[in-house]
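Asks: okay, here's the prediction I keep looking at, along with the sequence it came from:
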Amino acid sequence: MSDYMIRAMAYNGSVRAFAIRSTDLVNEACQRQDTWATASAALGRTMTISAMMGMMLKGDDKLTAKLEGDGPLGYVIADSNAHGDVRGYVKNPHVDFDLNEKGKLDVRRAVGINGSLSIVKDLGLKNHFTGQVPIVSGEVSEDFTYYFASSEQVPSAVGAGVLVNPDFTILASGGFIVQMLPDASEFTVKQLEKRLSEIKPISSLIRDGYSPEDVLDEIFPNGEWKLLSKSDVQFKCQCSKERLERAISSLGNDEIDDMIEKDGGAEATCQFCHEQYHFTVEDLERLKQ
């Protein structure tokens, strides 16, 4: 099964829901970043939720999520857009711990419990929308749940999970977002709270072969949901040599001359995909204005 995500409505339009399988997406990001297990879980959860948030956008809109705590990871960043393109990286990829008391990867310890989650949305307007909330758990899903409730005033349940193989490849990754719209009844809210407390962890469902549709069947067991759209999701970086050329050119001739004299050229590595770009003296001379 390849990665994809779905958007749906439930309970006669009073609940909005998203579900995703993100195993291949997260695996590619983690392999490019050379992440260890706990770092992979933190990065994968953040990218998985960001991908679903991208599905909430339109056209060429895009967003950036940054989870920055006081743990050894430093920070996790994920970019997504309305076309299912996602990329992400973690400042310190070589972070791993023993399993926590629940037998799970200790993401809280890696992220930290003091810090912030910020969301920046580029909606094609003059100013970007920015929302920021304090970290409430360091487990990622709970932090995004708090973001939706506090910054966007949308009561939500967010779940994301990543299972990592002993060789640090990704065994399974997926997630869901369930949001209460203004006309959701108290009965509906209590039903969903009960159901979400009963279902298996999302990573276990994906490992067992559940599709995003199957995940929503677990959340809404009476078939009280309707599919609105389905889209592919994939790791895709926006870096290119042309972008870097523009960045170097903007530094000015003095800076470029310094690169030529001291280094005899220039090298740059993309933080997201680790693609390397090389610039010869001739390349740099051409970029001078």
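Replies: Here it is on my side, so go on. Numbering: from 1, shown residues only.

Asks: how distant is stretch 206-215 from the center of its chain?
Replies: For stretch 206-215, the separation from the chain centroid amounts to 19 Å (computed by C-alpha atoms, centre = their mean, to the nearest Å).

Asks: which strand in this structure runs the most residues?
Replies: Identified as the longest strand of the chain according to DSSP state E is strand 170-180.

Asks: can you mark which positions in it are buried?
Replies: Within strand 170-180, the residues scored as buried using 16 or more other C-beta atoms under 10 Å are 170, 172-180. (Each C-beta comes from the backbone N, C-alpha and C, glycine too.)

Asks: out of the residues you listed, flag the one nearest to Phe220.
Replies: Distance to Phe220, by C-beta to C-beta, is smallest for Val178 among the buried residues of strand 170-180, at 9.0 Å.

Asks: which element is the closest residue to that closest one other than its chain neighbours on?
Replies: Of all residues beyond its chain neighbours, the one nearest Val178 is Ala157 (4.5 Å), with distances taken as C-beta to C-beta, 6 or more residues apart in numbering. Assignment of secondary structure by DSSP states H and E places Ala157 within strand 156-164.

Asks: tell me how many other residues crowd the nearest residue to Asp24 once chain neighbours are set aside.
Replies: By the measure of C-beta to C-beta, 6+ apart, the closest residue to Asp24 outside its immediate chain neighbours is Asp3, 4.8 Å from it. Asp3: 24 surrounding residues under other C-beta atoms under 10 Å.

Asks: also Glu139?
Replies: Burial of Glu139, expressed as a neighbour count using other C-beta under 10 Å, amounts to 20.

Asks: who are the neighbours in contact with it?
Replies: Applying C-beta atoms under 8 Å, 6 or more residues apart in numbering to Glu139 gives the contacts 107-108, 111.

Asks: which ones among those map onto helices?
Replies: Taking DSSP state H, the ones among the contacts of Glu139 that sit in helices are 107-108, 111.

Asks: tell me the domain ranges of the chain?
Replies: Taking automatic domain parsing as the domain assignment, the ranges for the chain are 4-235, 241-287.

Asks: rank those by pLDDT, which is bottom?
Replies: Per-segment confidence across the domains of the chain bottoms out at domain 241-287, which has a mean of 88 in mean pLDDT.

Asks: and that one, how far out from the chain's middle?
Replies: Between the centre of domain 241-287 and the centre of its host chain there is 29 Å, according to C-alpha atoms, centre = their mean.

Asks: I appreciate the help and will end here.
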